[in-house]
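Visitor: sequence unknown, structure follows:
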């Protein structure tokens, strides 16, 4: 774990940039992490992020997010290109899912 300042807050993050303590997450931190990933967050992004935060302990998968009713799988890839589950969980401030490489 390393220390990183995100949105003016000193946080402990993994080597891949995932927050060590998800309770420190804020929308401002999410926006900064997303910016680093080349994503500008919209209301739809936050709907997905809130779903992920609410379901982080239940074994998240791309399919589960796609069946959430918020966004389909294609839309999930459009919102978080280049690895939707990996990027969205990082932005949501939760642990990297075991299904992500």
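Guide: Cool, the structure landed. Since the structure is predicted, the reported quantities are computational estimates derived from the model, not experimental observations.
Visitor: the chain: helices as residue ranges?
Guide: 27-36, 43-54, 62-66, 73-79, 84-92 (DSSP state H).
Visitor: pick the most buried one from these.
Guide: Using mean count of other C-beta atoms under 10 Å, the stretch among those with the largest mean neighbour count is helix 84-92, at a mean of 23. C-beta here means a position set from N, CA and C on the backbone, and glycine is covered the same way.
Visitor: by contact count, what packs against that helix?
Guide: When contacts are defined as 3 or more C-beta pairs under 8 Å, 6 or more residues apart in numbering; DSSP states H and E, helix 84-92 packs onto helix 27-36, helix 43-54, helix 62-66, helix 73-79.
Visitor: contacts made by the longest one with the rest, please.
Guide: With C-beta atoms under 8 Å, 6 or more residues apart in numbering as the contact definition, helix 43-54 has outside contacts at 22, 25, 27, 30, 34, 39, 41, 60, 65, 68, 70-71, 75-76, 79-80, 88-89, 91-94.
Visitor: now do residue 14 against residue 21, distance only.
Guide: Distance of residue 14 to residue 21, computed by C-beta to C-beta, to the nearest Å: 11 Å.
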